[in-house]
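K.L.:
Kindly generate the corresponding structure for this input.
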Amino acid sequence: MFEKMKWMVTISIFLIISTIFLFSQLAFAKGKWQIGPHYGSWSLGPIESMIEDLVEDALESEFQGLIEEYLEIIDPDWEYTPDIHFGSGGTNLGLEVRFYPGGEVGSFSIGLAVEKSELELTLDGSIRFELADGSYVQGSANTRLLLEPTSYHLSLRWDLMPSWRLHPYISFGAGIGSLNGVLTYDDVSVEAYDASTATTMTETYPPGQMDLADLLEEAGYQTIP
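P.N.:
This is a model prediction of the structure:
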């Protein structure tokens, strides 16, 4: 009995595999392949000023908290002067292979693309807190975040009016990419002046860099090795 069931299961698996293979061969024979490279550039230019405002507000809140916590100074009349500059840009190079099972007139297609991107964000400038008595704390730095991920994308697409030369389409997809990035910083300095004692303290920090994965883990985010 067991041998008979084993034989029937083997035949069933063979028939299923044969059917799938047959239909796939028919589909590939009828289908259409499409290979297309693409290149592009990007920038956050339209919203860079908005990002600068958000960074300035965040730094004001952060520095205010540090001054109140460590210097125990609360001055409602202090003056905050930020000078922040944010920049962005990058390129994207990709290659996509797309298959139309229905051939030339088919509207449905499956695509697989690989992309290599370079994304750069820069943030530099200075901030200054000045108290009513003339005391102040100011800091400055230049930072650069460079991301160079390689990503893979699988997409399902339905072309609307495929016979038209230019036509709309609906697409759904997902992708996965590597987390490659480095944060570099230089010209980091802090200066504090105490008007009551007329003393100035200056601290400078050497330039350095940090891997993006390490940076995220220090911030409390878990990354996949």
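
K.L.:
contacts and neighbour counts: CA atoms only from here.
P.N.:
Will do.

K.L.:
Angles on the backbone of Tyr136, please.
P.N.:
Dihedral pair for Tyr136: phi -150, psi 160, per degrees, to the nearest 10.

K.L.:
From what I see, it and Val190 are in contact.
P.N.:
No: counting by C-alpha atoms under 8 Å, Tyr136 does not reach Val190; the two are 10.7 Å apart.

K.L.:
burial of the spatially closest residue to His38 that is not a sequence neighbour, as a residue count?
P.N.:
If the residues on either side of it in the chain are set aside, His38 comes closest to Gly94, at 5.3 Å by C-alpha to C-alpha, 6 or more residues apart in numbering. Gly94 has 17 neighbouring residues, counting by other C-alpha atoms under 10 Å.

K.L.:
Can you give the strand pairings for the helix or strand that contains Gly94, parallel or anti for each?
P.N.:
Gly94 is part of strand 79-100, with elements assigned from DSSP states H and E. When pairs are called by DSSP bridges, strand 79-100 turns out to pair with strand 32-42 (antiparallel), strand 108-130 (antiparallel).

K.L.:
Highest mean neighbour count out of those strands?
P.N.:
Neighbour counts (mean count of other C-alpha atoms under 10 Å) averaged over each of those peak at strand 108-130, with a mean of 18.

K.L.:
So for Thr204, which of the strands paired with strand 79-100 sits nearest?
P.N.:
Proximity to Thr204, assessed across these by C-alpha to C-alpha, is greatest for strand 108-130 (13.6 Å).

K.L.:
what distance separates that closest one from the centre of its chain?
P.N.:
5 Å (C-alpha atoms, centre = their mean, to the nearest Å).

K.L.:
Thank you, goodbye.
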